[in-house]
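Peer 1: Here is a sequence with its predicted model. Questions after.
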Amino acid sequence: MPYYKDDQTLRGTALAPAAPLNAHPDGPLQTAAVNLYDRLGGLMDAAAAKLQLPTAVMVASWLVESSGAAFAANQAIIRFEVHLFHRNWGQSNPDVFDAHFQFGGHNGIPGKPWQNHRFRASTAEPFRPFHGDQGREYTVLGFARDLGATPALLSISIGGPQILVSNYHRLGYDAPKDMYDALQIDERFHVLGFMDFCGASLLDKLRSQDWVGFAAGYNGEANADAYGQKLHDTYDEIDPVFPQATV
């Protein structure tokens with residue numbers, strides 16, 4: 001099947017729009033939307049037109065997943081999911097895993113598996129949380145890659161749309177590292193990866209603004225209601241800064 005990441009027209013489209021968004025944002029969320037559009041709006045407009053979506057829908061997803069944080073080569077936004085690393089590697093190496101990682105619902109740690117993620121590099125140190133600090137996220141990823149390179153990469157989400165690397169085949173990559181490397185090199189592949197990841201089913205949910213249904217398919221059933229509501233609220237708040245021409 002063809003992948004958007006291989007579409008030569010999209011690959012040749014400028015990332016930035018021909019003109020910045022002519023808007024006067026009201027509040028930090030609208031400001032973040034304008035800044036994101038002014039960085040990626042050229043490709044986002046082209047992608048949204050091809051997908052028959054409002055550009056604001058793509059921007060809203062970015063803001064919910066990564067707050068629209070600026071991209072730096074080889075420092076793409078990541079989130080290391082400890083519970084996934086347990087599934088991918090730790091179950092077969094419990095003593096080493098438990099010496100360095102904690103997550104909710106495992107070994108007496110309270111909360112759900114996606115909560116209370118903690119790490120320590122040495123058993124002489126206390127366990128500490130690391131989400132919210134990209135330097136720490138990369139420290140944990142580097143440690144985990146030394147234990148199991150592919151399982152570690154399969155345990156992270158990456159980029160503006162925060163797509164799990166375990167979906168590498170869905171995005172048209174042959175191996176987890178291929179996807180990881182592409183998204184570290186060029187933010188273009190974040191936009192194209194979002195397109196390839198969504199597929200027909202999720203795109204239909206976005207077109208009908210079925211936010212909860214989209215969130216369930218994008219992030220999983222567990223947090224669908226919360227993510228769906230956040231997507232709904234984000235879209236409603238930022239949509240006024242986008243002209244109707246981008247719909």
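Peer 2: That came in fine, so what should we check first?

Peer 1: Can you check what pLDDT the model gives the most centrally placed residue in the chain?
Peer 2: Centroid check for the chain by CA atoms, centre = their mean gives Gln162 as the closest residue, at 0.6 Å. On pLDDT, Gln162 comes in at 93.

Peer 1: measure it to Pro28 for me?
Peer 2: To Pro28, Gln162 is 20 Å away according to CB to CB, to the nearest Å. For the C-beta atoms, the positions are set from N, CA and C on the backbone; glycine is no exception.

Peer 1: can you check Leu171 too?
Peer 2: Taking CB to CB as the criterion, Leu171 is separated from Pro28 by 31 Å.

Peer 1: neighbour count winner among the two?
Peer 2: Leu171 (22 against 9; other CB atoms under 10 Å).

Peer 1: Now the more buried one. Nearest residue, chain neighbours left out?
Peer 2: Spatial nearest neighbour of Leu171, excluding adjacent residues (CB to CB, 6 or more residues apart in numbering): Asp196 at 4.6 Å.

Peer 1: same deal with Gly68?
Peer 2: Residue nearest to Gly68 in three dimensions, not counting chain neighbours: Leu36, with 4.0 Å by CB to CB, 6+ apart.

Peer 1: And the helix or strand hosting the one you found, what does it pack against?
Peer 2: According to DSSP states H and E, Leu36 maps onto helix 28-51. Contacts defined by 3 or more CB pairs under 8 Å, 6 or more residues apart in numbering; DSSP states H and E place helix 28-51 against helix 8-12, helix 55-66, helix 188-207, helix 224-238.

Peer 1: what comes up buried for it?
Peer 2: 29-37, 39-48, 51 (16 or more other CB atoms under 10 Å).

Peer 1: again with stretch 175-189
Peer 2: 176, 179-180, 182-184, 187-189.

Peer 1: what's the answer for stretch 133-150, then?
Peer 2: Applying 16+ other CB under 10 Å to stretch 133-150 flags 134, 137-138, 140-141, 143-145, 147-148 as buried.

Peer 1: Mind putting those residues into TSV with pLDDT?
Peer 2: Output for the buried residues of stretch 133-150, formatted as TSV (pLDDT from 0 to 100):
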residue	pLDDT
Gln134	97
Glu137	98
Tyr138	98
Val140	98
Leu141	98
Phe143	98
Ala144	98
Arg145	98
Leu147	98
Gly148	98
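
Peer 1: the domain parsing of the chain - what is it?
Peer 2: Using automatic domain parsing, the domain parsing of the chain gives 4-70+188-246, 78-158.

Peer 1: on that earlier part again, between the buried residues of stretch 133-150, which is closest to Val212?
Peer 2: Each of those was scored against Val212 by CB to CB, and Glu137 proved nearest at 27.8 Å.

Peer 1: Check which helices and strands the host helix or strand of the closest one is in contact with.
Peer 2: Secondary structure from DSSP H and E places Glu137 in helix 134-147. Here helix 134-147 touches strand 78-80, strand 118-119, helix 149-153, going by 3+ CB pairs under 8 Å, 6+ apart.

Peer 1: can you tell which of the domains of the chain is closest to Asn167?
Peer 2: Nearest to Asn167, of the domains of the chain and by CB to CB, is domain 4-70+188-246 at 5.9 Å.

Peer 1: any idea of the mean pLDDT for that closest one?
Peer 2: Mean predicted confidence for domain 4-70+188-246 is 91.

Peer 1: Thank you, goodbye.
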